[in-house]
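A.B. asks: Task: produce atomic coordinates for the following.
(2 chains)
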Amino acid sequence: AQRVTQPEKLLSVFKGAPVELKCNYSYSGSPELFWYVQYSRQRLQLLLRHISRESIKGFTADLNKGETSFHLKKPFAQEEDSAMYYCALRLTNSGYSTLTFGKGTMLLVSP
Amino acid sequence: DTAVSQTPKYLVTQMGNDKSIKCEQNLGHDTMYWYKQDSKKFLKIMFSYNNKELIINETVPNRFSPKSPDKAHLNLHINSLELGDSAVYFCASSQADRGSPELFFGEGSRLTVL
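C.D. replies: Residues are numbered from 1 along each chain as shown, chains lettered A, B, ... in the order given. Presented below is the predicted three-dimensional model:
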């Protein structure tokens, strides 16, 4: 079965502290992974995708196939980073794809 | 300017009633989705349509019936509502033929069944 695991429901840090939101996946094919973010009272939106290898809002995520992980990291958390973060895996079936999401991790950054 | 819009944003109703949620996207995408977010914030795919055709149905009860009159619209009708249907329902769209399609989400429709 393909699945995405985010072991932490809540991660609470102080402003300026490093952040790592964990994501592990299980997939028999070549994985394609994403991080989506949902700020308070806003819609879910794409934060970054592994194939882009980009840094968005100071966040990075590296796909580690050996550990089947795609952890999201930021060296110095900001209060505005407080949000719900979802790791997602692209599944393809009969030429069509969809995203399956982890259960999400709420990040709270305190001043 | 809203890319994916859903109506209504809030819906409070009694058990046993029938209700609909509408979704429209103006991005020119060919694929639309319904996701359900439960009280624990778990986000799960329900349906996916590509060019008005159902391509994914994730073991959702028959009381849920999606309808896609055209590729810009995907509506969700729910019959005989139950307490467990209370959730936030998100519509999303993407373009299937792009290498790594990004999902664009609506703001969600919060359904409360009393």
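
A.B. asks: Write out the residues of chain A neighbouring chain B.
C.D. replies: Neighbours of chain B within chain A, by CB under 8 Å from any CB of the partner chain: A:32, A:36, A:42-46, A:49, A:51, A:84, A:86, A:90, A:93-94, A:96-101, A:103-104, A:106. All C-beta atoms are positioned from the backbone trio N, CA, C, and that covers glycine.

A.B. asks: which of those residues are buried?
C.D. replies: Using 16 or more other CB atoms under 10 Å in any protein chain shown as the burial test, these include A:32, A:36, A:43-44, A:46, A:49, A:84, A:86, A:90, A:97-101, A:103-104, A:106 as buried.

A.B. asks: for the helix or strand hosting residue A:25, what is the average pLDDT?
C.D. replies: Take DSSP states H and E as the rule and residue A:25 turns out to sit in strand A:24-26. In this model, strand A:24-26 has a mean pLDDT of 94.

A.B. asks: Next secondary structure after it?
C.D. replies: Next in sequence after strand A:24-26, counting helices and strands by DSSP H and E, comes strand A:33-38.

A.B. asks: Quick one: distance of that following strand to the chain centre.
C.D. replies: 5 Å (CA atoms, centre = their mean, to the nearest Å).

A.B. asks: So what are the sheet partners of it and their directions?
C.D. replies: strand A:45-49 (antiparallel), strand A:83-93 (antiparallel) (DSSP bridges).

A.B. asks: so how far is the least confident helix or strand in chain A by mean pLDDT off the chain centroid?
C.D. replies: None of the helices or strands of chain A scores lower by mean pLDDT, DSSP states H and E than strand A:96-101, at a mean of 84. In terms of CA atoms, centre = their mean, the centre of strand A:96-101 is set 15 Å apart from its chain centre.
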